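In: Okay, here's the prediction I keep looking at, along with the sequence it came from:
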Amino acid sequence: MYKKTQLIILIGFLIPFFSMATTIEVCQNCEINRIAKAIELAKEGDTILVKKGTYQETGLTIDKPLTLKTEEGAIIDGQNQGEIILITSDGVTIDGFEIINVGSSHLEDYSAVRIRRSEQFLIQNLIVRNPFFAIYLEKSKNGIVRNNKIYGNAKSEFNSGNGIQLWYSHENLIENNEVLQMRDGIYFEFSNHNTINNNISQNNVRYGLHFMFSHNDLIKGNSYINNGAGIAIMFSKHMKMHHNTFQDNWGSAAYGVLLKEAVDAEITHNTFQRNTTAINVEGSTRINYKHNDFISNGWAINSRGANYKNIFTKNNFLNNSFDLAYKGGMNNNSFNGNYWSDYNGYDLNRDGIGDVPYRPVKLFSHLVHKSPEAIILLRSMFIDIVDFSEKVSPVFTPDKLIDESPSMKMITHD
């Protein structure tokens, strides 16, 4: 009875609150023709509807719960003067704007939209063109950033910003965004328990997605195409990455995934195709690589040392120039039950497992590491003879690095 009474009192309080919420229209011929004025006049819970037109405004601060939405064709032009929208309240929605001409500053990190110390926010359906930073979350949580399109013009990482940035921001959903030609498409620093779902990050100068000191984040269903590197996970723990596509990340230092001091990660059900290096890993421990496809990469895996207790199982390695480059000791790393397209063993008992173990490290990959110019000899008959000799009697390659149970057929993933 007590709880029912509380509910009735709460409903009685909310009904007049919502009944008082109004919609304020902004248009170039309206009584209110500036967004800043509408924000000033609005009360908590109000909706501001911005009609079609170009509004030259900057420094808009939203410090109360509001919904700011548009008709198609509403543009905010910041005239390169600085930050355009700053949100400092919980419960704010920004929906549907095109934002152009954000100011540039390496001291201020000007953004099209900055969310500061806020919760329960929704940033959606924006088109942001040529920003310094586009959407910046600062000590904010439990929000959603979705269905936004960010088109940058970054030429180098030294004079450009990131598409979507999270700093000390937790438990947010970043989904269905498209980020092109920024420094990093999406960047996380000290940001935990976030979900990054179904985004496209393409043509970014440095990384499509970049983590620093961030933990327990989930990356699923995203595409990383033609970036400096697809994803960089650095000094981060308990990351889960599955059903992503890494494609055409080419360059002298380009990777599908870069792992640096990562611990306890799961990398499963991803596709790596036509990357210079699919996965470059250094100083990382207890990473589980399972049910991934490595297709036509330069290097599928480049293990650069100090990697401990990592497991590679049920992966397909298909037509890579080098399936594995390996530096350092085995360190309890395990390769078992993978499919290797270069494997030419036999299966007399027809159990689907090769009777002869497979050695994935080629002597030629060792030679290329020592002398990169040797790559011009790739696929020559001489190199085939050298690699065959090394397999028969390993001298330079790790003699214990073998897949004891190579699959005879490509592995079908769940």
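Out: Alright, I've got the coordinates. Please read all numbers here as calculations on a predicted model, not as lab measurements.
In: Skip the chain neighbours and tell me the closest residue to Phe246.
Out: Gly256 (3.3 Å; CB to CB, 6 or more residues apart in numbering). All C-beta atoms are positioned from the backbone trio N, CA, C, and that covers glycine.
In: Double-check the one you found against Thr277; I have them as touching.
Out: Yes - shown here, Gly256 and Thr277 form a contact pair, counting by CB atoms under 8 Å, at 7.1 Å.
In: Identify the contacts common to these two.
Out: Both Gly256 and Thr277 are in contact with Asn297, where contact means CB atoms under 8 Å, 6 or more residues apart in numbering.
In: out of those two, which sits in the more crowded spot?
Out: Just comparing Gly256 and Thr277: by other CB atoms under 10 Å the higher neighbour count belongs to Gly256, 31 against 26.
In: So for this protein, which residue is the most central one in space?
Out: What sits nearest the mean C-alpha location of the chain, by CA atoms, centre = their mean, is Leu209, with 3.1 Å.
In: what's the spacing between that residue and Asp351?
Out: 40 Å (CB to CB, to the nearest Å).
In: returning to what we had before: so the residue nearest to Phe246 belongs to a strand, correct?
Out: Yes - counting by DSSP: H, G, I helix; E, B strand; the rest coil, Gly256 is found in a strand.
In: That one and Lys69: what is the separation?
Out: Gly256 sits 38 Å away from Lys69, going by CB to CB.
In: now swap in Glu157 and tell me
Out: 34 Å.
In: follow-up on the earlier one: quick one: the residue nearest to the centre of the chain and Ser201 touch, right?
Out: Yes - Leu209 lies in contact with Ser201 (CB under 8 Å); the separation is 6.0 Å.
In: Report the set of residues contacting both of the two.
Out: Contact criterion CB under 8 Å, 6+ apart; residues shared by Leu209 and Ser201: Gly185, Ile186, Asn222, Tyr224, Gly230.
In: between those residues, which is nearest Asp90?
Out: Using CB to CB, Ile186 comes nearest to Asp90 of the shared contacts of Leu209 and Ser201, at 23.1 Å.
In: next one: phi and psi at the closest one?
Out: Dihedral pair for Ile186: phi -130, psi 130, per degrees, to the nearest 10.
In: residues contacting it?
Out: Listed by CB under 8 Å, 6+ apart, the contact set of Ile186 reads 162-165, 174, 177, 179, 196, 199, 201, 208-210.
In: Please render those residues as a markdown table that adds distance to Ala112 and secondary structure to the earlier fields.
Out: Formatted as a markdown table, the contacts of Ile186 follow (distance: CB to CB, whole Å; DSSP: H, G, I helix; E, B strand; the rest coil):
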| residue | distance to Ala112 | secondary structure |
| --- | --- | --- |
| Asn162 | 12 | coil |
| Gly163 | 10 | coil |
| Ile164 | 11 | strand |
| Gln165 | 11 | strand |
| Ile174 | 15 | strand |
| Asn177 | 13 | coil |
| Val179 | 12 | strand |
| Ile196 | 19 | strand |
| Asn199 | 17 | coil |
| Ser201 | 17 | strand |
| Gly208 | 19 | strand |
| Leu209 | 19 | strand |
| His210 | 19 | strand |
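In: Output the below-cut-off pLDDT ranges for the stretch 1-150 of the chain.
Out: Along the stretch 1-150 of the chain, segments meeting pLDDT under 70 span 1-19.
In: tell me the helices in it, going along the chain?
Out: Using DSSP state H, counting those that start in this stretch, the helices of the stretch 1-150 of the chain run over 2-20, 35-41.
In: Run through the neighbouring helices and strands of the last one.
Out: Right, the one you point to is helix 35-41. Under the contact criterion of 3 or more CB pairs under 8 Å, 6 or more residues apart in numbering; DSSP states H and E, helix 35-41 touches strand 23-26, strand 47-50, strand 60-62.
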